[in-house]
Every structure is written in C-alpha cells, then in structure tokens.
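J.: what follows is a protein structure lacking sequence information:
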C-alpha cells in the first residue's frame with residue numbers, strides 16, 4: 001500500500017453507496033476512507049456518468065496546514081483534517097489538488113488542498 005498522498009488522488013468513504021458497474025480498484029486508508037487506484041478526477045467522473053450517476057464537484061477549495069518534521073506523517077494528519085470536514089458535511093469523496101511542503105519561521109509544515117466531491121444516483125445534491 002502506497003502511503004503518500006499526492007495531487008490528483010481521489011479518496012472515497014468506505015461504505016459509500018456506489019453503482020455496482022463502477023468496479024473501482026481502491027486501497028484502504030485510515031479512518032474509513034479508500035484511495036482510488038489508477039483513476040484521477042476526470043477518469044472517475046467519466047465512469048460515474050457512464051453508470052448513470054452524478055459525480056458532484058463542490059466549488060471552493062478546502063485546505064489544511066499541519067506543522068511537523070516527518071513529511072509523510074504530517075501529510076496524513078493534514079489529509080485526515082480534510083476528511084473530517086467532508087464527514088461533517090456528509091460528503092463521500094475528496095480530490096486532492098495540492099500537497100506542498102513549506103516552512104514558516106524555520107518550522108516545516110505541510111499544506112494539503114482539495115475539493116469536496118460527492119457521488120450519488122440523483123442529479124440533485126442530497127447529503128443524506
């Protein structure tokens with residue numbers, strides 16, 4: 001299992017209602033989420049539409065910054081913060097748009113940005 005999150009990664013909540021014909025390859029992540037393998041946002045959108053479902057893209061970037069020396073651990077923690085935001089909004093998908101290692105006053109931190117996404121059968125967004 002590749003542990004590093006990179007730009008373009010798609011994370012889907014475990015147990016999310018998905019079309020049977022989607023046939024996604026994914027690997028488990030922490031906190032009840034899975035990383036989609038071999039598909040980016042465009043590819044997943046195409047597959048979801050072919051199944052007759054809707055893959056919503058919610059405007060407005062969400063971002064988390066976490067200070068730490070271990071880049072991998074800090075990236076995981078920042079990603080977990082983004083996933084907590086989605087869970088509270090009852091959304092089932094996250095597309096990572098940027099992972100950047102930066103410094104502030106000599107202290108290293110990781111900034112992870114993404115867009116909330118949601119897969120559902122209806123063309124009207126409902127966060128049930």
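T.: Done, it's in. Computed from a prediction, not measured in an experiment: that's the story for all the values here.
J.: point to the residue nearest the middle of this protein.
T.: residue 94 (2.5 Å; Cα atoms, centre = their mean).
J.: in the sheet, who's paired with that one?
T.: residue 11, residue 116 (DSSP bridges).
J.: would you confirm that it contacts residue 116?
T.: Yes - the pair residue 94 / residue 116 is scored as a contact, 6.4 Å apart, by Cβ atoms under 8 Å. In this view, the C-beta of every residue, glycine as well, is placed from N, C-alpha and C.
J.: give me the common contacts of the two.
T.: Counting by Cβ atoms under 8 Å, 6 or more residues apart in numbering, the shared contacts of residue 94 and residue 116 are residue 86.
J.: what's the pLDDT at the residue nearest to the centre of the chain?
T.: With respect to pLDDT, residue 94 has a value of 96.
J.: next: residue 23.
T.: Reported pLDDT for residue 23: 84.
J.: what's the answer for the one 5 residues further on, then?
T.: The predicted local confidence for residue 28 comes out at a pLDDT of 91.
J.: now it. Nearest residue, chain neighbours left out?
T.: Distances taken as Cβ to Cβ, 6 or more residues apart in numbering place residue 34 nearest to residue 28, at 5.7 Å, with adjacent residues excluded.
J.: by contact count, what packs against the host helix or strand of the one you found?
T.: For residue 34, the host element (DSSP states H and E) is strand 33-36. Under the contact criterion of 3 or more Cβ pairs under 8 Å, 6 or more residues apart in numbering; DSSP states H and E, strand 33-36 touches strand 10-13, strand 26-28.
J.: highest mean neighbour count out of those strands?
T.: Sort the helices and strands packed on strand 33-36 by mean neighbour count, taking mean count of other Cβ atoms under 10 Å, and strand 10-13 sits at the top with a mean of 22.
J.: so which elements touch it?
T.: Secondary elements touching strand 10-13 (3+ Cβ pairs under 8 Å, 6+ apart): strand 33-36, helix 71-88, strand 93-104.
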